[in-house]
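Visitor: give me a 3D structure for the following:
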Amino acid sequence: MKQTMPLLALSIFMMNVSFTYGQWNTRGYFECETDVSNTPGDHYFGYTKIRLDLGKRINIQIETNCSLLAKQYWGRQTYVLSDFLPVSSNENIPAITFNDTLYFDNLYAVWRTPEWGEFVIGRQPVSLGAGYVWNPTDIFTSKDNIDPTYEIQGITAVRWLISAGRFEIDSIIQPIDNGKMINSYFGVTGHIHHFDITPSIHQRHYKGDMTTDQLYNGDVGYGLSVVGEVFTAGVWMETNLVFQGEQYPNTREWTLGMEYTTHQSVYFLAEAYHNDSGADATTGQYYAFSRVFDYLDGNIRALAKNYIMILVQYPLNQWWSIGCWTIGNLDDKSEIVSLQLAGCPLKDTTIDLSAFTFTGNKLTEFGVQDAWVRVRLNLYF
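Guide: Alright, predicted model coming up:
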């Protein structure tokens with residue numbers, strides 16, 4: 001009974017909104033995922049999830065939006081890092097447990113004026129940069145390498161967007177640590193022929209150990225994002241030069257990618273990523289424990305220095321498509337290869353069948369697991 005309470009509460013809330021407050025714009029989805037993994041040994045796990053997005057335009061200038069999300073897990077829910085990342089099981093590693101949740105993923109207001117642009121206040125979706133998997137200029141959120149297009153959780157921030165002639169200005173302030181510190185971002189986007197070019201600057205504070213709440217480090221970065229088209233192919237480049245103070249060396253991140261669709265409707269995408277501060281290739285030893293924590297906490301985008309991602313998709317018909325993608329760690333020579341079948345068998349229904357295989361020894365980033373199968377069903381309303 002306790003596990004069903006989040007879904008029951010959300011269902012009651014949805015009915016009240018739909019029938020009592022019909023003037024709200026509503027949409028959402030139900031999602032069910034089942035996974036089978038040998039991490040290590042055979043394990044079965046998954047979740048059911050409901051998301052409800054509500055929006056209301058109060059007048060021509062002001063609108064409010066919120067997203068309520070309930071997620072209920074089943075099967076295995078407790079893991080240690082050595083189950084899926086290359087850390088020694090002899091370390092004093094805290095267990096990670098996924099608990100049922102009910103929360104507002106987004107809750108924000110928008111104020112638009114012709115003179116001052118757009119102000120967004122509250123917990124809101126923020127996604128910066130041009131990269132498909134890796135975004136060096138995005139200091140607020142990070143993507144799941146295995147599922148980079150999946151929705152990203154909102155952040156509590158104040159955002160100001162304004163057009164100034166041929167340029168768009170984007171300013172973001174994110175309070176952290178109960179308002180004691182802030183992360184900030186400022187970017188200006190200009191347009192040259194077929195390209196959008198965005199120079200940016202950021203200041204960030206972050207904690208280096210996910211087991212504590214102490215913030216002890218910070219950096220300042222200067223970024224550049226370029227996205228456009230060359231001979232019918234989409235191309236993008238993104239880089240960020242980060243200064244961490246006199247006691248740490250300056251570091252540089254960059255990503256470079258392209259996408260192209262042939263006349264036969266075959267879609268290709270490739271992206272490379274480099275991070276100066278990444279770990280060197282592991283030779284008979286585990287990745288540094290602190291680096292794995294930083295990776296899980298979102299302070300860094302990758303464990304190693306160099307990666308490559310390649311994706312190929314082909315539509316079988318108007319309902320189904322097949323695809324294959326791989327992500328490779330070029331330093332420790334490990335990789336993930338996935339085969340996917342995705343389709344819309346019914347109206348407002350999607351299904352995604354994915355199989356993953358992992359190569360590399362147990363000391364490499366992608367070599368801890370052997371195989372994994374995922375089935376995801378979405379019903380939209």
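
Visitor: distance check, the nearest residue to T262 once chain neighbours are set aside against Q340.
Guide: The shortest distance from T262 to any non-neighbouring residue, by C-beta to C-beta, 6 or more residues apart in numbering, is to F268 (7.6 Å). Any C-beta I mention is one placed from the backbone N, CA and C, and that applies to glycine too. Distance from F268 to Q340, counting by C-beta to C-beta, to the nearest Å: 15 Å.

Visitor: who has more neighbours out of these two?
Guide: Neighbours per residue (other C-beta atoms under 10 Å) separate F268 from Q340, with Q340 holding more: 17 against 14.

Visitor: work out for me the element that one sits within.
Guide: strand 334-343 (DSSP states H and E).

Visitor: right, and the helix or strand after that strand?
Guide: Using DSSP H and E, the first helix or strand after strand 334-343 is strand 349-359.

Visitor: give me the low-pLDDT residue ranges for the protein?
Guide: Along the chain, the model assigns pLDDT under 70 to residues 1-22, 39-42, 88-93, 207-216, 246-248, 281-286.

Visitor: residue closest to the middle of it?
Guide: Central residue of the chain (C-alpha atoms, centre = their mean): K143, 2.3 Å from the mean position.

Visitor: contacting residues for that residue?
Guide: By C-beta atoms under 8 Å, 6 or more residues apart in numbering, the contact list for K143 reads V133, W134, N135, Y150, I152.

Visitor: for the third one, what are phi and psi?
Guide: Backbone torsions for N135, taken as degrees, to the nearest 10, come to phi -130, psi 90.

Visitor: now it: how far from Q369?
Guide: Distance from N135 to Q369, by C-beta to C-beta: 25 Å.

Visitor: more crowded one of these two?
Guide: N135 (25 against 19).

Visitor: do I have it right that that one meets P148?
Guide: No: contact criterion C-beta atoms under 8 Å: N135 and P148 do not qualify, at 9.5 Å.

Visitor: my guess is V126 contacts T156. True?
Guide: No: V126 is not in contact with T156 according to C-beta under 8 Å; the separation is 10.1 Å.

Visitor: neighbour count for the two, which is higher?
Guide: V126 (20 against 13).

Visitor: confirm that that one sits in a helix.
Guide: No: under DSSP: H, G, I helix; E, B strand; the rest coil, V126 falls outside any helix and is assigned coil.

Visitor: just the buried ones from the contacts of K143?
Guide: V133, W134, N135, I152 (16 or more other C-beta atoms under 10 Å).

Visitor: separation between the second one and I300?
Guide: Same thing as W134. 11 Å.

Visitor: over to the first one?
Guide: For V133, the distance to I300 equals 14 Å [C-beta to C-beta].

Visitor: one step back: next up, phi/psi of the residue nearest to the centre of the chain, please.
Guide: The phi/psi pair for K143 (degrees, to the nearest 10) is phi -100, psi 160.

Visitor: quick one: residues contacting L330.
Guide: Contacts of L330 (C-beta under 8 Å, 6+ apart): A304, K305, N306, Y307, I308.

Visitor: so the third one makes contact with D280?
Guide: No: in terms of C-beta under 8 Å, N306 does not count as a neighbour of D280; the distance is 10.3 Å.

Visitor: helices of the stretch 1-150 of the chain, start to end?
Guide: 5-20 (DSSP state H, counting those that start in this stretch).

Visitor: can you pull the contacts of the closest residue to G131 other than its chain neighbours?
Guide: Nearest residue to G131 in three dimensions, chain neighbours excluded: T255, at 4.3 Å (C-beta to C-beta, 6+ apart). By C-beta under 8 Å, 6+ apart, the contact set of T255 is 131, 133-136, 236-239, 271-274.

Visitor: what are the buried residues along the strand or helix carrying T255?
Guide: Secondary structure from DSSP H and E places T255 in strand 251-261. Residues T251, E253, W254, T255, L256, G257, M258, E259 are the ones in strand 251-261 that count as buried (16+ other C-beta under 10 Å).

Visitor: with stretch 51-69 instead?
Guide: Result for stretch 51-69 [16+ other C-beta under 10 Å]: buried residues R51, L52, D53, L54, E63, N65, C66, S67, L68, L69.

Visitor: for E365, give me its contacts.
Guide: Counting by C-beta under 8 Å, 6+ apart, the residues that E365 touches are L85, P86, Y287, L303, A304, N329, D332, S334.

Visitor: just to revisit the earlier point, how near is the residue nearest to the centre of the chain to S127?
Guide: Counting by C-beta to C-beta, the gap from K143 to S127 is 9 Å.

Visitor: common neighbours of these two, please.
Guide: Joint contacts of K143 and S127 (C-beta under 8 Å, 6+ apart) are N135, I152.

Visitor: what is the nearest of the buried residues of stretch 51-69 to W116?
Guide: E63 (15.8 Å; C-beta to C-beta).

Visitor: which non-adjacent residue is nearest the closest one?
Guide: Closest to E63 by C-beta to C-beta, 6+ apart is R57, at 4.4 Å.

Visitor: right, and that neighbour touches N65 too?
Guide: No: look at R57 against N65 with C-beta under 8 Å: they stay out of range, at 9.8 Å.

Visitor: the strand holding Q340 pairs with which strands?
Guide: Strand 334-343 has the following sheet partners, assigned by DSSP bridges: strand 320-329 (antiparallel), strand 349-359 (antiparallel).

Visitor: re the thing from before, pull the most distant pair out of the buried residues of stretch 51-69.
Guide: E63 and L69 (20.1 Å).

Visitor: picking up where we left off before, need the contacts of L330 in a markdown table (columns: distance to C344, neighbour count and secondary structure).
Guide: Shown next, in a markdown table, are these (distance: C-beta to C-beta, whole Å; neighbours: other C-beta atoms under 10 Å; DSSP: H, G, I helix; E, B strand; the rest coil):
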| residue | distance to C344 | neighbour count | secondary structure |
| --- | --- | --- | --- |
| A304 | 37 | 22 | strand |
| K305 | 39 | 18 | coil |
| N306 | 37 | 16 | strand |
| Y307 | 31 | 25 | strand |
| I308 | 31 | 15 | strand |
